[in-house]
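Participant: need coordinates for the below:
(2 chains)
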Number of protein chains: 2
Amino acid sequence: MITWNNLDTISAYQELRKVTPVNLREAMTGENGAERVRKYSVPMAAGLAYNYAAKQVDDEVLEALAKLAEETQLAGKFEALYNGEVINTGEKRMVLHHMTRGQLGEGVAADGVDKRSFYVQEQKKIAELANKVHAGEITNAAGEKFTTVVQIGIGGSDLGPRAMYLALENWAKVNNTFKMEARFISNVDPDDAAAVLNTIDVAHSLFVLVSKSGTTLETLTNESFVKDALKNAGLDPSRHMIAVTSETSPLAKSDDYLAAFFMDDYIGGRFSSTSGVGGAVLSLAFGPEVFAQFLDGAAEEDKLARNQDMFANPAMLDALIGVYERNVLGYQNTAVLPYSQALSRFPAHLQQLDMESNGKSVNRFGEPVGYPTGPVIFGEPGTNGQHSFYQLLHQGTDIIPLQFVGFKNSQMDKDVVIQDSTSQQKLCANVAAQIVAFACGKEDENRNKNFEGGRPSSIIAGDQLTPQALGALLSHFENKVMFQGFVWNINSFDQEGVQLGKVLAKKVLAHDTDGALKAYSDLLNI
Amino acid sequence: MITWNNLDTISAYQELRKVTPVNLREAMTGENGAERVRKYSVPMAAGLAYNYAAKQVDDEVLEALAKLAEETQLAGKFEALYNGEVINTGEKRMVLHHMTRGQLGEGVAADGVDKRSFYVQEQKKIAELANKVHAGEITNAAGEKFTTVVQIGIGGSDLGPRAMYLALENWAKVNNTFKMEARFISNVDPDDAAAVLNTIDVAHSLFVLVSKSGTTLETLTNESFVKDALKNAGLDPSRHMIAVTSETSPLAKSDDYLAAFFMDDYIGGRFSSTSGVGGAVLSLAFGPEVFAQFLDGAAEEDKLARNQDMFANPAMLDALIGVYERNVLGYQNTAVLPYSQALSRFPAHLQQLDMESNGKSVNRFGEPVGYPTGPVIFGEPGTNGQHSFYQLLHQGTDIIPLQFVGFKNSQMDKDVVIQDSTSQQKLCANVAAQIVAFACGKEDENRNKNFEGGRPSSIIAGDQLTPQALGALLSHFENKVMFQGFVWNINSFDQEGVQLGKVLAKKVLAHDTDGALKAYSDLLNI
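Facilitator: Coordinates of the predicted model:
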């Protein structure tokens, strides 16, 4: 029997608060530190591992977290979500994105169909389209192959797919699976669409319009922008556009598109990278096989998220350590720091995934909660961040928990030896050095050169950023965010906080304003 | 007589803490809100204005801030910095980046030369080189024009110049001043250089190597990477590379470069966008005239930062409001939200500028401070952010102060009318709507749809993002960060916090490790 209770009513949470905090600096110094690195590690899919040795935990804290996991029924709640219970209670919806990637739990019928079959079928249709485009069976009106795919979407229809594309672009090039260059148009700023259109060959471009509702104003505006450009080039837009939308949207049965692929309300935008939202652009760019490998990695990682034992469930463990940092230790942010240039936009995707899911102040029943929920997420790739904001991370007045990601091997395998080491070795040496520097610090009589240490981090480490590894990485963070939502007793699947701005923007455009809103409209000459 | 004292010893600060906090929601509702929008605004250079109506201030708070400005001698300290006093006390250096852009205070002699003349001379040399490259007087060995400029640098040699390039790229294209495409290589991850080299025509590329010391490991590694690529293409690297460095660096007099341009230790990396660090790549990309306009905007804004009256000094005012938010109201972050796709990487530059400058725990004399200093800075362009992390900003459990930027006109002037408004109008309507939504909120009986409001923001608004406006914007934030450093009594110009990681990374590469450092090296197979 699953029960939903606020975190501050959970007795295991009260116990956790009484546990003596770990002195990370002491814990990570000497052979004890080496022992922690070997011991505090849990395998993930695709050869990755989640290592939490440099987190502010020890066996006692971990035991308390395991009790918290049990009392908050995390495994049972995940299982319920996975098997199609209505977990998005605010909007009365199931949460089914796991079904896009080999979910093998219970089947779920909705809208008159089996949902797993529905998602699989849509992916099959996308793969068929992509294969035909690559084979030159679907071409422009002149019978020429498409060379570029342009995604038009915003938020979850942009950040995830864009981050995944950038993560695999160079891998695909060196592995000879690179089919089409992808570009992205998202912002309603007209300079965004104009700039992308300026640098592509529209005659050989296929546009993927992504909007679940078919009513996202930014996306429809950019669609119109693109259609004008196609018409101005003497082209028929309907031969250059496909739609990814819901079956009930105005786009679904329009003749304006070469094809339409369907999703539904059971897959939230920020969880949609493994659905057609990511599937169309990634299958066109890299081929359906690469997209399938990406799904395989996510599916393998999802299986680990079903483990009841927290110590064998990396997403659950990561989630609970994050709750400990947020609610007991009082840290307000988390920095995501991938030592991989290919993951340059992965932090921006996690920023949406995490902050939009868990940036809530009311519980599942609409009652205010009396404790902090989702943290601020930000980050940039290392080693770039080292030459930028790491100064504050090392010596600032607040402690910021860190999430590193690193790989033993580069994607492109082109390297150079300088001062007896390759660039890849330097990259890895830097992430190892940073973890220890943050944890252990270094005393100096000159206080300006003194490092307090005690700054917690974890690392997800792997062999190489392959499609499988990327899928596993994505799944890990999706599941982590959901586990944290369960602990905080909030609904991670709605986003009511974005509505008010939309309503007021419409008023501004209708000149239906007074007070400050009118004054700002005047200021910006609207 | 200038004196340096910790913030918590300042009596005006103690007074400020006693002032009744403003109820922003009430203050911004009704005609009072409109009046604030008209009143709480201060002109900036290049037609910009800093509007702080939606900040949590009123006349009483502002009066207290003005007293704080006076007691902490902000105007005098800025004047001292501007006129070449040794303000970077930790490293015993002057802070002279204002001299790269028309500083007309006192002259300063150092290293045996007048520094203003030195910087101006270097910029003239850069302009001459750029003009010769554009005119085809400096070409590759085959006598063909260079079409691409590639900056090799990291941190301040990357983030600022890259953000400025992206900010003006489309403006230059529509204003017919676009000369060469620019690309950037920064990360030591070998995939970064490999990917850039894969997508450019090296035979027609000119590389700008930027390292003040000439010893930045990432940059030298990437230089070697690039030289190998040039040699493999049968090209002579010395005909394809220029250096921006200090006169005493190993790069200064090397035959490896077509030309070398000099800077010095009085210009910190994060303050170097208006020096040769930004000057070479921006002059090559857009022509020296555009770079000069950018400097003009910065110089005009610098003049405003000299105003003793806080109410006529936007950088000082912004700085003090930020201190109030950080130290009295207890807010830990600031989100930077430009409603301009061209400013997509401007938040990443500000992240370095602010967090590296003011992420410190000791005062100018090396003594620990007992109050929070620099905040975490993060951000993405609107409207993209609205579909991502704004959920947390509106309804999360922490209040995050916001810094908006918006322009009445787009850069490229290509637009489309949908639902009776242009994209640019929609963009502006959204930023106006968000400010009011954050400040005023909206009550709803359904607590999940309730908006508390009371979330403070400011906006820098202007006509268009031109080179002058960009220069003004950059100068504003540089000077704001310095004013905050003065209030917190810290040295904003060193970065000792980045040293420990460098030392440990060298140990890892030399296999001189034990304990946790060795264990992490094993984990990453170094």
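Participant: continuing past the lowest-mean-pLDDT helix or strand in chain A, what's the next helix or strand?
Facilitator: Sorted by mean pLDDT, DSSP states H and E, the helices and strands of chain A end with strand A:109-110, the least confident at a mean of 90. Next helix or strand after strand A:109-110 toward the C-terminus (DSSP states H and E): strand A:113-114.
Participant: can you give the strand pairings for that following strand, parallel or anti for each?
Facilitator: strand A:109-110 (antiparallel) (DSSP bridges).
Participant: how much space separates residue A:168 from residue A:505?
Facilitator: 35 Å (C-beta to C-beta, to the nearest Å). (C-beta placed from N, C-alpha, C; glycine too.)
Participant: who has more neighbours, those two?
Facilitator: residue A:505 (29 against 26; other C-beta atoms under 10 Å in any protein chain shown).
Participant: right, and that one touches residue B:433 too?
Facilitator: Yes: contact criterion C-beta atoms under 8 Å: residue A:505 and residue B:433 qualify, at 3.9 Å.
Participant: what does the closest residue to chain B within the stretch 51-200 of chain A show for phi and psi?
Facilitator: The nearest approach of the stretch 51-200 of chain A to chain B comes at residue A:155, 2.8 Å away (C-beta to the nearest C-beta). Main-chain torsions, residue A:155, degrees, to the nearest 10: phi 60, psi -130.
Participant: pLDDT value on it, please?
Facilitator: Here, the pLDDT recorded for residue A:155 equals 96.
Participant: quick one, what contacts it?
Facilitator: By C-beta atoms under 8 Å, 6 or more residues apart in numbering or on different chains, the contact list for residue A:155 reads A:186, A:269, A:270, A:352, B:384, B:386, B:387, B:388.
Participant: tell me the contacts of the last one?
Facilitator: This points to residue B:388. A:155, A:159, A:348, A:351, A:352, A:355, A:356, B:380.
Participant: before we move on, what about the fourth one?
Facilitator: For residue A:352, the contacting residues are A:155, A:156, A:159, A:160, A:270, B:387, B:388, B:389, taking C-beta under 8 Å, 6+ apart as the criterion.
Participant: which pair in the residues you listed spans the largest distance?
Facilitator: Across these, the longest distance by C-beta to C-beta is 13.7 Å; it joins A:160 and B:389.
Participant: neighbour-wise, which of the two wins?
Facilitator: Using other C-beta under 10 Å as the criterion, residue A:160 and residue B:389 rank with residue B:389 on top: 32 against 29.
Participant: re the thing from before, how about the nearest residue to the residue of the stretch 51-200 of chain A closest to chain B, chain neighbours excluded?
Facilitator: Leaving out its chain neighbours, the residue that sits closest to residue A:155 by C-beta to C-beta, 6 or more residues apart in numbering or on different chains is residue B:387, at 2.8 Å.
Participant: that neighbour contacts residue A:156, correct?
Facilitator: Yes: contact status for residue B:387 versus residue A:156: in contact at 7.4 Å, counting by C-beta under 8 Å.
Participant: common neighbours of those two, please.
Facilitator: With C-beta under 8 Å, 6+ apart, residue B:387 and residue A:156 have common neighbours A:269, A:352.
Participant: what about residue A:421, distance to residue B:227?
Facilitator: Counting by C-beta to C-beta, the gap from residue A:421 to residue B:227 is 17 Å.
Participant: which residues of the stretch 51-200 of chain A lie near chain B?
Facilitator: A:51, A:53-54, A:90, A:154-156, A:158-159, A:169-170, A:173, A:186-195, A:198 (C-beta under 8 Å from any C-beta of the partner chain).
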